[in-house]
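A.B. asks: Sharing a model prediction with you, sequence too.
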Amino acid sequence: MFTGSYFHLLDNKGRVSISPRYREILQERQDRVLIITNYDGYILAFPQSEWVKVEARLAEQSTLRKEVRAVQRFLISGVQECPLDRQGRILIGPYLRDYAKLSREVALVGMIRCFEIWDRPTYEAHRKQLEASINEEVLHELLI
């Protein structure tokens, strides 16, 4: 499971190192490719084996529903396949770097089956807002 937050630097070519812990998870799953896409102002990163499941769920939905088509179009149009290089880095293309407004510092944030790639200052501001808005009843319900 992808957990924790890790901070890395984006190089001039748009490459970012994947945290050693996340690389271990990918290696255990025998995934050498990440599928990344745009989502809510940041980037979602799925191991290829998990992305196949997401695609299958999307494909099961009726494209006659306008809302379904919009979600499919949005997620699928942003997809980029990112093989890990020998140094454990991926290359994030210009479109997704611009979409997520990535600066030099990025945050990799675990989300169990996938992880998020954020601009670090944006993530830190979001985390402060998130902490202030956590519903304690829901938290208690989920943890106990």
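C.D. replies: Right, received. Where do you want to start?

A.B. asks: Would you mind listing the outside residues contacting the host helix or strand of Glu137?
C.D. replies: Following DSSP states H and E, the helix or strand that holds Glu137 is helix 136-143. Where contact means CB atoms under 8 Å, 6 or more residues apart in numbering, no residue beyond helix 136-143 reaches it. C-beta here means a position set from N, CA and C on the backbone, and glycine is covered the same way.

A.B. asks: ok, the residue most central in space within the chain to Tyr99 distance?
C.D. replies: For the chain, the residue whose C-alpha lies nearest the mean C-alpha position (CA atoms, centre = their mean) is Leu44; its distance is 2.1 Å. Between Leu44 and Tyr99 the distance is 11 Å, computed by CB to CB, to the nearest Å.

A.B. asks: For those two, list the residues in contact with both.
C.D. replies: With contacts taken as CB under 8 Å, 6+ apart, the residues that reach both Leu44 and Tyr99 are Asn38.

A.B. asks: sec struct for the nearest residue to Glu116 once chain neighbours are set aside, please.
C.D. replies: Excluding its sequence neighbours, the residue lying closest to Glu116 (CB to CB, 6 or more residues apart in numbering) is Val109, at 4.4 Å. Secondary structure assignment for Val109 (DSSP: H, G, I helix; E, B strand; the rest coil): strand.
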